[in-house]
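Undergrad: This is a predicted model, with the sequence first.
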Amino acid sequence: MKLKANPNFLLREVAGEAVLVPVGEAGIFENSMISLNETSSFLWKLFQEPRTEEEVIAEARKEYSDPDGEMEDGIHSFVNEYLRVGLLLEEREEV
């Protein structure tokens with residue numbers, strides 16, 4: 001399954017901090033900005049194009065070291081939470 005960042009949210013830098021700003025249907029995030037840490041910002045940028053979770057994990061391994069082996073679980077948690085709240089969307093494959 002490929003996932004993509006919800007296009008109703010744009011990544012912006014505000015006062016030196018990465019935030020998601022709603023620009024369309026924001027659901028529970030109406031009138032909110034969502035602060036992202038460095039890793040979440042990196043993942044959000046990767047999901048600008050439809051990708052599988054495995055593809056994102058492979059890209060993250062190129063960027064970050066993972067001596068404790070926790071990266072995959074962290075990305076899985078990010079994906080599940082962002083899907084749950086509608087920040088990531090399933091990309092429908094066209095046939």
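TA: Cool, got the structure.
Undergrad: any idea which helix is longest in this structure?
TA: In the chain, with assignment by DSSP state H, the single longest helix is helix 71-84.
Undergrad: Report all helices and strands that whichever helix or strand comes after it contacts.
TA: Using DSSP states H and E, the helix or strand that directly follows helix 71-84 along the chain is strand 88-90. Here strand 88-90 touches strand 3-5, helix 71-84, going by 3 or more C-beta pairs under 8 Å, 6 or more residues apart in numbering; DSSP states H and E. (Glycine included, C-beta is placed from N, CA and C.)
Undergrad: Return the set of buried residues in the longest helix of the chain.
TA: For helix 71-84, burial by neighbour count (16 or more other C-beta atoms under 10 Å) applies to Met71, Gly74, Ile75, Phe78, Val79, Tyr82.
Undergrad: And the pLDDT at Val95?
TA: Per-residue pLDDT puts Val95 at 56.
Undergrad: Find the residue ranges of the protein scoring beneath the pLDDT cut-off.
TA: 93-95 (pLDDT under 70).
Undergrad: Could you point out which of the helices and strands packed on strand 88-90 sits nearest Pro50?
TA: Nearest of the helices and strands packed on strand 88-90 to Pro50, taken as C-beta to C-beta: strand 3-5 at 4.6 Å.
Undergrad: What strands flank the next helix or strand after the closest one, and is each parallel or antiparallel?
TA: Helices and strands here follow DSSP H and E; after strand 3-5, the next one along the chain is strand 9-14. In the sheet, strand 9-14 lines up against strand 17-22 (antiparallel) (DSSP bridges).
Undergrad: quick revisit: could you check the angle strand 17-22 makes with the longest helix of the chain?
TA: Counting by axes from the mean of the first three to the mean of the last three C-alpha atoms, to 10 degrees, helix 71-84 lies at 30 degrees to strand 17-22.
Undergrad: just the CA coordinates of helix 71-84, formatted as CSV?
TA: The C-alpha trace of helix 71-84 is given here as CSV (Å, rounded to 0.1, in the frame of the first residue of the first chain):
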residue,chain,number,x,y,z
MET,A,71,13.9,3.2,13.5
GLU,A,72,11.5,0.8,11.9
ASP,A,73,9.2,0.7,14.9
GLY,A,74,9.3,4.5,15.1
ILE,A,75,8.4,4.9,11.4
HIS,A,76,5.6,2.3,11.8
SER,A,77,4.2,4.3,14.7
PHE,A,78,4.4,7.6,12.7
VAL,A,79,2.6,6.0,9.8
ASN,A,80,-0.1,4.5,11.9
GLU,A,81,-0.8,7.7,13.9
TYR,A,82,-0.7,10.0,10.8
LEU,A,83,-3.1,7.6,9.0
ARG,A,84,-5.4,7.5,12.0
